[in-house]
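Chemist: sequence and predicted structure below; questions after.
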Amino acid sequence: MTTHTPASGAALSSQAAQVLRALALDEDLKWRIPGDPVLGPLARKVARRYVAGETLADALERAQLVLTAGHRVNVEYMGESCRDPQRAVEETDTFLAAARLLPPECSISLDLSHIGLAVDAELALANASLIARATAATGREMMISAEGSDRTDAVLAVHRELCEQFDHVGITVQARLHRTADDLPELLTRPGRIRLVKGAFLEPGTIAHPREAPALTTAYLEYAQQLADSGHLCSFATHDRELIDRIDHHLGGKGHDCAPWEFETLLGLGPDHLDAMAERGHPTREYVVFGTEWWLYVCNRLAEDPQRLLQALLDVAG
């Protein structure tokens, strides 16, 4: 008789995270799940924890609440891997509307593949330039979000061209990617904020540190200290309390309104971390997302901590 030893909790969590990240790469599901008459309403209950809503008006309402709480706001209209050039142009209009309507304290983030990078780099550059001009005109930052490692070269190339015309366009880098050690020194020579994240995409070990690996914590802290010491505009975007405390210690345990750094957390995650950093004088920001393409984003949030699946079950039941 053969007996099977159950996998440990850590192993099960890792497997669950891998499955969720794989689901997040399934572009067909991002349309099928929200549109399914049975699964759609249930999935929306889970999404409400992480997503402001499906419209710009929803994002504006949430942004006002965050500002009232004393934090800055980063607003992103969700969407990636848009392969229709006409739709990429139409989606750009939503970002232009956001630049007109959101308060100046709100930066605007975007995936370049949402506005044409999955079709043609020149289309993405043209649309991104329109958004850069609109955000510059309204005195706000523009942030380019991270995408999978297969698009990193293209994303950084468009960012480089934008930086030749604008000084307010930031870029997001992933501590997980081994290449960040080489990319960061070059990015420090460009204007615009550098947003440091761990990275949530499904990547092989030859390209990225596993999410659960101690090496990722070490890499994030090294890059954060490098950014802090450089004096460059930067954001430490993480919910890892140990990392937050260690970066705070490196910064001397206090900040000020004009500090070049800020601590950032995602909507639905880590508001207590933001409040704690704000009490110590650090600039803080909450990342607010909206739009109808929320399925892939929610999968990645759940994958970051599979225990959130339990919360998702409670949200569905509630």
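Modeler: Thanks, I have the structure now. Numbers count the residues shown, from 1 in each chain.
Chemist: confirm that Ser109 sits in a strand.
Modeler: Yes: the assignment for Ser109 by DSSP: H, G, I helix; E, B strand; the rest coil puts it in a strand.
Chemist: roughly how far apart are it and Leu130?
Modeler: 16 Å (C-beta to C-beta, to the nearest Å). Placement of C-beta: from N, CA and C, glycine included.
Chemist: ok, these two, which is more surrounded?
Modeler: Ser109 (23 against 17; other C-beta atoms under 10 Å).
Chemist: Asp135 - how many residues pack around it?
Modeler: One thing to correct before we go on: residue 135 is Thr, not Asp. For Thr135, using other C-beta under 10 Å, the count is 25.
Chemist: repeat for Asp28
Modeler: 7.
Chemist: likewise the one 5 residues further on?
Modeler: The burial count assigned to Ile33 is 21, neighbours taken as other C-beta under 10 Å.
Chemist: was I right about it contacting Gly40?
Modeler: Yes: between Ile33 and Gly40 there is a contact at 6.5 Å, judged by C-beta atoms under 8 Å.
Chemist: which residues do those two both contact?
Modeler: Listed contacts common to Ile33 and Gly40 are nil; contacts here mean C-beta atoms under 8 Å, 6 or more residues apart in numbering.
Chemist: Thr292: what secondary structure?
Modeler: Relying on three-state DSSP, one would call Thr292 coil.
Chemist: same deal with the one 5 residues further on?
Modeler: Using three-state DSSP, the three-state assignment for Tyr297 comes out as helix.
Chemist: ok, Arg285 next?
Modeler: Per three-state DSSP, Arg285 ends up strand.
Chemist: tally of neighbours for it?
Modeler: 22.
Chemist: which residues are in contact with it?
Modeler: Counted by C-beta under 8 Å, 6+ apart, Arg285 has contacts His71, Arg72, Val73, Asn74, Ser107, Ser235, Glu262, Phe263, Glu264, Leu274.
Chemist: ranges for the helices of the chain?
Modeler: 9-24, 29-35, 39-47, 56-68, 85-101, 121-137, 152-163, 180-187, 214-230, 241-250, 271-279, 295-304, 308-317 (DSSP state H).
Chemist: rebuild the ones you listed as JSON lines, extending it with distance to Arg193 and mean pLDDT.
Modeler: Formatted as JSON lines, the helices of the chain follow (distance: least, C-beta to C-beta, whole Å; pLDDT from 0 to 100):
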{"stretch": "helix 9-24", "distance to Arg193": "25", "mean pLDDT": "68"}
{"stretch": "helix 29-35", "distance to Arg193": "28", "mean pLDDT": "75"}
{"stretch": "helix 39-47", "distance to Arg193": "27", "mean pLDDT": "81"}
{"stretch": "helix 56-68", "distance to Arg193": "18", "mean pLDDT": "96"}
{"stretch": "helix 85-101", "distance to Arg193": "17", "mean pLDDT": "97"}
{"stretch": "helix 121-137", "distance to Arg193": "12", "mean pLDDT": "98"}
{"stretch": "helix 152-163", "distance to Arg193": "12", "mean pLDDT": "98"}
{"stretch": "helix 180-187", "distance to Arg193": "10", "mean pLDDT": "98"}
{"stretch": "helix 214-230", "distance to Arg193": "10", "mean pLDDT": "98"}
{"stretch": "helix 241-250", "distance to Arg193": "16", "mean pLDDT": "97"}
{"stretch": "helix 271-279", "distance to Arg193": "17", "mean pLDDT": "93"}
{"stretch": "helix 295-304", "distance to Arg193": "21", "mean pLDDT": "79"}
{"stretch": "helix 308-317", "distance to Arg193": "28", "mean pLDDT": "73"}
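Chemist: for these, which one sits closest to Thr172?
Modeler: helix 152-163 (8.7 Å; C-beta to C-beta).
Chemist: no further questions, thank you.
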